[in-house]
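K.L.:
Show me the folded form of this:
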Amino acid sequence: MAIIDYQTEPSRYRHWRVEFDGDVAYLIMDVDQDGGLGEYELKLNSYDLGVDIELNDAVQRLRFEHPEVRAVVIKSGKDNVFCAGANIRMLGKSTHGAKVNFCKFTNETRLGIEDASENSKQIYICAINGNAAGGGYELALAADHIMLVDDRRSAVALPETPLLAVLPGTGGLTRVTDKRKVRRDRADVFCSIEEGVRGSKAVDWRLVDEVVPNSKWKETVAARAHGIAAKSDRPKNAKGITLAPLSRKIEDDRVSYSHVDIEIDRARGLATVTVRGPPGVVPASVEAAHALGAQFWPLTVARELEDAILHLRTNEAAIGVVLFKTDGNAQGVLEHDDFLAKASGDWLMREIRNYFKRVLKRVDVTAKSFIALIEPGSCFAGTLAELAFAADRSLMLIGTREGDNRKPAAITLGQANFGFYPMGNGLTRLQTRFLGEPKTLDTLKGKIGQPIEGEEAAELGLVTVAYEDFDWDDELRILLEERASFSPDAMTGMEANLRFAGPETMETKIFGRLTAWQNWIFQRPNAIGEQGALKLYGSGVSPTFSKERV
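P.N.:
Below is the predicted model:
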């Protein structure tokens, strides 16, 4: 199979373009019908993973490369067509795993749009100039403000259930009820009809925020965008940084970046991801950090780690276990964290922290068993300690190894562990870890900056277990063999359930509830069987459903 590459840049876009009008950017969807990743046509602005990879890249670049942009309008580049949603032919031909990863990445992209509005104050508006069906309306739902042209044709719809026997897989149900706060019975009607809802009824039901006559469409969209942009706190005259291509080399059993490496052992279904700490001191000033741009260590390592996680998720499906290792100077990591904290009023430092938060969230929802190995010479400190707290288990070696002159294995807490990177449940990873022991957090705050070694780390609950050097290899071997013996399906379900303790949010519902149900429905005969709705869509033949409810 060809490798799916998540790296792109505007000169390579086939489906999106960006136009600028002062503090407003127009993110224009104009899908190349013949530009799909597979053998299907992307008609009516329908999309596949390739379209969404470009969208994700555009959203990211607007945040980093265009600080002057305060509002973003998502619109269609085609007349009388907004977006027909995920391409049905693509879904019908895809493997189950490809469908799942497609939905997951698309969900993450929509959440990234919402994060940009909330935390970067780059506020999103959606201008619907035609039918927005399924994933097309789900894209609109990610925006803060939805405008619908009132031309008696254009409508919003979530027709997956009546047409395809599946669910709106990109958070549609959850955003309709939790974000748009549509009444349950109206939501039931809306999700049960093919034609959707248009005009003033869409406003009355809170499916959109306003409808605009076709004759006033263009000027009203522009006026609304500039009005919303005026409410943003983004700097007016700041200069963005360029997200240059990553330094990356892909080989059969290795992927190498400047600060991250992946080593793959396919025989054991195992990958080792090593993240290296900063190679030098923190910049002398915020201005110096800006000058470094994409070479500033926290931003570089975030970009590389994200690409590594997406590569493993999509291109290495049979790799079930990922070992997290770090290497470098723990104090250097803490100093970079402190730098970001002190400069939190700067737009770029804010973006970097928010970016690392999103990368860690990708770990949280990736269907791999993550195990952190904390060994001599590692730098699980501050931001990089979050990898240990994101792992399903963490093992620490007690002391040092014979003949190894590196510092003993330790984990070092920093202020980043107490609020920089909330999970999808709204809590930090430490809050989630110690949900039943809130007083432990006060104890841990008193340990900030202190290297915590094996036995103490285990006693404090920061690691799963600490082993002496003479037990390390055997205990790790047993753990990995045991993990490999379990059903991958059971592991995925177990891990997803255990990772999000605590309060439920819209985000945890999307991944823990909607996506889980969608994944199940994607395997049911009513959707993908020879007589299933997804297989027969467009053929003129009506699907045959099993009537059993389970």
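
K.L.:
pLDDT of stretch 217-231, averaged?
P.N.:
The pLDDT scores in stretch 217-231 average 98.

K.L.:
Renumber starting at 35 from here on
P.N.:
Got it, first residue is 35 now, which makes that one stretch 251-265.

K.L.:
So which elements touch the helix or strand bottoming out on mean pLDDT in the chain?
P.N.:
When each helix and strand of the chain is scored by mean pLDDT, DSSP states H and E, helix 549-555 comes last, with a mean of 81. Identification of packing neighbours for helix 549-555 by 3 or more CB pairs under 8 Å, 6 or more residues apart in numbering; DSSP states H and E yields helix 130-153. Any C-beta I mention is one placed from the backbone N, CA and C, and that applies to glycine too.

K.L.:
send the alpha carbons of the helix it packs on over as PDB?
P.N.:
Taking C-alpha atoms only, helix 130-153 is exported to PDB below (Å, rounded to 0.1, in the frame of the first residue of the first chain):
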ATOM      1  CA  HIS A 130     -12.800  -0.900   8.100                       C
ATOM      2  CA  GLY A 131      -9.500   0.400   9.500                       C
ATOM      3  CA  ALA A 132      -9.300   3.100   6.800                       C
ATOM      4  CA  LYS A 133     -12.900   4.200   7.500                       C
ATOM      5  CA  VAL A 134     -12.100   4.400  11.200                       C
ATOM      6  CA  ASN A 135      -8.900   6.400  10.800                       C
ATOM      7  CA  PHE A 136     -10.600   8.700   8.300                       C
ATOM      8  CA  CYS A 137     -13.400   9.500  10.800                       C
ATOM      9  CA  LYS A 138     -10.900   9.900  13.600                       C
ATOM     10  CA  PHE A 139      -8.700  12.400  11.700                       C
ATOM     11  CA  THR A 140     -11.700  14.300  10.400                       C
ATOM     12  CA  ASN A 141     -13.000  14.600  14.000                       C
ATOM     13  CA  GLU A 142      -9.600  15.900  15.100                       C
ATOM     14  CA  THR A 143      -9.600  18.500  12.300                       C
ATOM     15  CA  ARG A 144     -13.000  19.800  13.300                       C
ATOM     16  CA  LEU A 145     -11.900  20.000  16.900                       C
ATOM     17  CA  GLY A 146      -8.800  21.900  15.700                       C
ATOM     18  CA  ILE A 147     -11.100  24.500  14.100                       C
ATOM     19  CA  GLU A 148     -13.000  24.900  17.300                       C
ATOM     20  CA  ASP A 149      -9.800  25.100  19.300                       C
ATOM     21  CA  ALA A 150      -8.600  27.900  16.900                       C
ATOM     22  CA  SER A 151     -11.800  29.900  17.600                       C
ATOM     23  CA  GLU A 152     -11.700  29.400  21.400                       C
ATOM     24  CA  ASN A 153      -8.000  29.500  22.200                       C
END
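
K.L.:
With Gly433 as the reference, measure out to Glu502.
P.N.:
Distance, Glu502 to Gly433, by CB to CB, to the nearest Å: 8 Å.

K.L.:
more crowded one of those two?
P.N.:
Higher neighbour count among Glu502 and Gly433: Gly433, with 15 against 12, using other CB atoms under 10 Å.

K.L.:
Identify the residues contacting that one.
P.N.:
By CB atoms under 8 Å, 6 or more residues apart in numbering, the contact set of Gly433 is 442-443, 487-488, 502-503.

K.L.:
Filter these down to the buried ones, ChimeraX style.
P.N.:
To isolate the buried members of these in ChimeraX, using 16 or more other CB atoms under 10 Å:
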select :442,443,487,488,503
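
K.L.:
From the contacts of Gly433, pick the one nearest Asn153.
P.N.:
Nearest to Asn153 out of these is Ala443 (CB to CB; 34.3 Å).

K.L.:
my guess is Phe373 meets Ala323, correct?
P.N.:
Yes - contact criterion CB atoms under 8 Å: Phe373 and Ala323 qualify, at 7.3 Å.

K.L.:
These two: who's more crowded?
P.N.:
When Phe373 and Ala323 are compared for neighbours, Ala323 comes out ahead with 25 against 19, by other CB under 10 Å.

K.L.:
Could you verify my assumption that the more buried one touches Pro317?
P.N.:
Yes - with contacts counted by CB under 8 Å, Ala323 reaches Pro317, the gap being 4.3 Å.

K.L.:
where do the contact lists of these two overlap?
P.N.:
330, 373.

K.L.:
in the stretch 385-534 of the chain, which spans are helices?
P.N.:
Counting by DSSP state H, counting those that start in this stretch, the stretch 385-534 of the chain has helices at residues 419-424, 463-467, 472-479, 488-494, 503-519, 522-532.

K.L.:
ranking the ones you listed by burial, who's on top?
P.N.:
Burial of these is given as mean neighbour count (mean count of other CB atoms under 10 Å); helix 419-424 ranks first at a mean of 24.

K.L.:
contacts for that one?
P.N.:
Counting by CB under 8 Å, 6+ apart, 309, 358, 360, 394, 397-398, 404, 406, 408, 414, 428, 445-448, 450-451, 455, 463-464, 467, 496-497 sit against helix 419-424.

K.L.:
and if we set it to 7 Å?
P.N.:
The contact list for helix 419-424 (CB atoms under 7 Å, 6 or more residues apart in numbering) reads 309, 358, 394, 397-398, 404, 406, 408, 414, 428, 445-447, 451, 455, 463-464, 467.

K.L.:
Ile108: which element?
P.N.:
For Ile108, the enclosing helix or strand under DSSP states H and E is strand 105-110.

K.L.:
now what about the helix or strand that that strand is followed by, what contacts it?
P.N.:
Downstream of strand 105-110, the first helix or strand assigned by DSSP H and E is strand 115-117. By CB under 7 Å, 6+ apart, the residues outside strand 115-117 that reach it are 63, 78-79, 110, 162-166, 169-170, 173.

K.L.:
please redo it, this time with the cut-off set to 6 Å
P.N.:
Here strand 115-117 makes contact (CB atoms under 6 Å, 6 or more residues apart in numbering) with 78-79, 110, 162-164, 166, 170.

K.L.:
Neighbour-wise, which one of the residues you listed leads?
P.N.:
Ranked by the number of neighbours (other CB under 10 Å), these place Ala166 first, at 31 neighbours.

K.L.:
quick one: that one is in a helix?
P.N.:
No - assessed with DSSP: H, G, I helix; E, B strand; the rest coil, Ala166 is strand; it does not lie in a helix.

K.L.:
for it, which residues make a bridge with it?
P.N.:
Beta-bridge partners recorded for Ala166 (DSSP bridges): Cys117, Val190.

K.L.:
Residue ranges in the chain under the pLDDT threshold?
P.N.:
Under the criterion pLDDT under 70, the flagged ranges of the chain are 35.

K.L.:
Tell me which residue is most central in it.
P.N.:
When CA atoms, centre = their mean is applied to the chain, the residue found nearest the centroid is Glu142 (3.3 Å).

K.L.:
Quick one: neighbours of the nearest residue to it once chain neighbours are set aside, just the number.
P.N.:
Leaving aside its sequence neighbours, Glu142 sits nearest to Arg396 (CB to CB, 6 or more residues apart in numbering; 6.5 Å). Look at Arg396: counted by other CB under 10 Å, it has 18 neighbours.

K.L.:
Hmm, Arg396 is touching Leu344, no?
P.N.:
No - using CB atoms under 6 Å, Arg396 makes no contact with Leu344, being 7.1 Å away.

K.L.:
Specify the local secondary structure of Thr308.
P.N.:
strand.

K.L.:
Tell me the spacing between it and Val294.
P.N.:
Distance from Thr308 to Val294, by CB to CB: 7 Å.
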